[in-house]
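Asks: Have a look; sequence and predicted model below, questions after that.
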Amino acid sequence: MYDLGIKNGTVYLNGGFFNCNIYIKNGVITNITNEDLGCKVEENASGKLVLPGFIDPHVHFSLGVGSNISSDDFYTGSIKGVLGGVTTYIDFLDPIKSVEEIEEAYKNRMKLAEKSVSDYAFHTTIANPKSSPEEIIKAGIEKGITSIKLFTTYADTDRRTYDKYIYDLLKLSKKYNVRVVIHAENDELVSDDKKVKVKDHEVSRPVVSEVTEVLKLAEMARETGGLLYIVHVSCGTTVKRLKECFSKELKSKQIILESCPHYYLFNSEIYKGEEGYLYLMTPPLRPEEERKLLYEQIDFITTIGTDHCPFAKELKNKKYTSEIAMGIGGIQYSFQNMYTEFGRKIISKFTDGPAKAYGLYPQKGSLMVGSYADIVIYDENIKEVINDSESIYDGKSMKGKIEKVFLRGKLIAEKGKVLESKGSYVNRNEISLFDNNSRL
């Protein structure tokens, strides 16, 4: 007899929707059929979507920025994630400069993550490193980390990684099946003025700084065959130029683009308002024409991350942007926001898209026999308004509601409440390209 049967739902399978039943035993999907079979617990999902648990590929829990720490730790952040249907997320090791530092960085984050209520993985993060790219790649792989994050900006704090190192890293990424994850802004075009006011945040980190840097990185990826992932794409022009010049690499997923809900829902005019400081993040929100252009090209975005990194209000209400802790929250409302805007076509960007990009597929991000039973039941017929005074999405009308969330077959959230749960570290041993079914 099966442990759990989720019956009569509209199930998302391989990009399509089918009316069928899912049966689970020992935390794994063991049967998908139209048959009505026996099970210890039965969940009637009639009239609702049955989706893979969502994957947020970009969060920052317990992030230290100078003397400040982001307001969500691995417990509170993962709870918000579960309420948003996120059963797996990928956080970041603290930046390292040498391979010797990775052990401590890994242990520190693993210790903090012990209280997570959902599953988690990590990206290695480098900052103008002194060790060779190959040394850092190998050290990460030993710990099940198959992605490396770097910045092309923030030279003033010695976090910028320079072109030759990036080029060499991209060359090796193909050999080792490791994804190179890049915060892409042209550092020479970002203002170094320490007295930029909130209303001028966008112009201080202009559209051209993202577009030119991403195009340069894409050319490096094409030349080397490297596996490139651009985080938090904020500009429609960035996507447009890549479509024009790198359509082959986008189609093959050699180059993967991630964006975030806030770039679709707000524009930079909000920085001129009295509470504009609440919307400060990097890269910034963009002018309306860029937001519209990004919106129109949603099909070329493979993953939706949140860049979840909220800070207390008092750390953001400052005169100059250089004094402000950058980052916003959003993991709890990410899927609802994007589903409200784009409907069912957004589902892959929360499920198989990030799973395939980061070596989690098909155990995660899919509903297949053999996959972990990470499942979201979503009622798309309900409308609700966000009531959360701490969120920039407060008051927004949503289409649909997350009814229940399962992690490895265990019910961990229902009716807006998280139940007892314990997350696990996901040890990734290889990257999965879209034509290669990688296993955990």
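Replies: Okay, I see it.
Asks: any idea which helix or strand of the chain has the worst average confidence?
Replies: strand 64-65 (a mean of 84; mean pLDDT, DSSP states H and E).
Asks: just how off-centre is the following helix or strand past that strand within its chain?
Replies: Counting by DSSP states H and E, the element after strand 64-65 in chain order, helix or strand, is strand 68-69. Chain-centre distance of strand 68-69: 21 Å, with Cα atoms, centre = their mean, to the nearest Å.
Asks: Run through who's touching stretch 270-280.
Replies: Contacts with stretch 270-280, where a contact means Cβ atoms under 8 Å, 6 or more residues apart in numbering, come from 198-202, 262, 266, 284-285, 313, 316-318, 321, 324, 326-328, 392. All C-beta spots, glycine's among them, are computed from the backbone N, C-alpha and C.
Asks: if you set the cut-off to 6 Å instead, what comes out?
Replies: If you take Cβ atoms under 6 Å, 6 or more residues apart in numbering as the criterion, stretch 270-280 is touched by 198, 199, 201, 316, 317, 324, 326, 392.
Asks: ok, now stretch 138-146?
Replies: With Cβ under 6 Å, 6+ apart, stretch 138-146 has contacts from 99, 102, 106, 122, 124, 178, 359, 427, 428, 431.
Asks: Which ones among these map onto helices?
Replies: Members of the contacts of stretch 138-146 lying in helices (criterion: DSSP state H): 102, 106.
Asks: Filter the contacts of stretch 138-146 down to just the buried residues.
Replies: Buried members of the contacts of stretch 138-146, counted by 16 or more other Cβ atoms under 10 Å: 99, 102, 106, 122, 124, 178, 359, 428, 431.
Asks: Determine how far the last residue of stretch 338-348 lies from the first.
Replies: 12 Å (Cα to Cα, to the nearest Å).
Asks: typed the wrong thing, it's stretch 307-320
Replies: 22 Å.
Asks: can you pull out the helices in the stretch 51-200 of the chain?
Replies: 74-83, 102-112, 133-142, 163-176 (DSSP state H, counting those that start in this stretch).
Asks: got the angle between the longest one and helix 133-142?
Replies: Angle of helix 163-176 versus helix 133-142, following axes from the mean of the first three to the mean of the last three Cα atoms, to 10 degrees, is 50 degrees.
Asks: Can you give the distance from helix 163-176 to the centre of its chain?
Replies: 23 Å.
Asks: and that helix, what does it pack onto?
Replies: In terms of contact count using 3 or more Cβ pairs under 6 Å, 6 or more residues apart in numbering; DSSP states H and E, helix 163-176 is assigned the packing partners helix 133-142, strand 179-183, helix 207-224.
Asks: Now it - C-alpha only, PDB.
Replies: Taking C-alpha atoms only, helix 163-176 is exported to PDB below (Å, rounded to 0.1, in the frame of the first residue of the first chain):
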ATOM      1  CA  ASP A 163      38.000  39.100 -17.100                       C
ATOM      2  CA  LYS A 164      41.000  36.700 -17.500                       C
ATOM      3  CA  TYR A 165      40.000  34.700 -14.500                       C
ATOM      4  CA  ILE A 166      36.400  34.600 -15.700                       C
ATOM      5  CA  TYR A 167      37.500  33.400 -19.100                       C
ATOM      6  CA  ASP A 168      39.600  30.600 -17.600                       C
ATOM      7  CA  LEU A 169      36.800  29.600 -15.300                       C
ATOM      8  CA  LEU A 170      34.300  29.400 -18.200                       C
ATOM      9  CA  LYS A 171      36.800  27.200 -20.200                       C
ATOM     10  CA  LEU A 172      37.000  24.800 -17.200                       C
ATOM     11  CA  SER A 173      33.200  24.900 -16.600                       C
ATOM     12  CA  LYS A 174      32.600  22.800 -19.700                       C
ATOM     13  CA  LYS A 175      35.200  20.200 -18.700                       C
ATOM     14  CA  TYR A 176      33.800  19.900 -15.100                       C
END
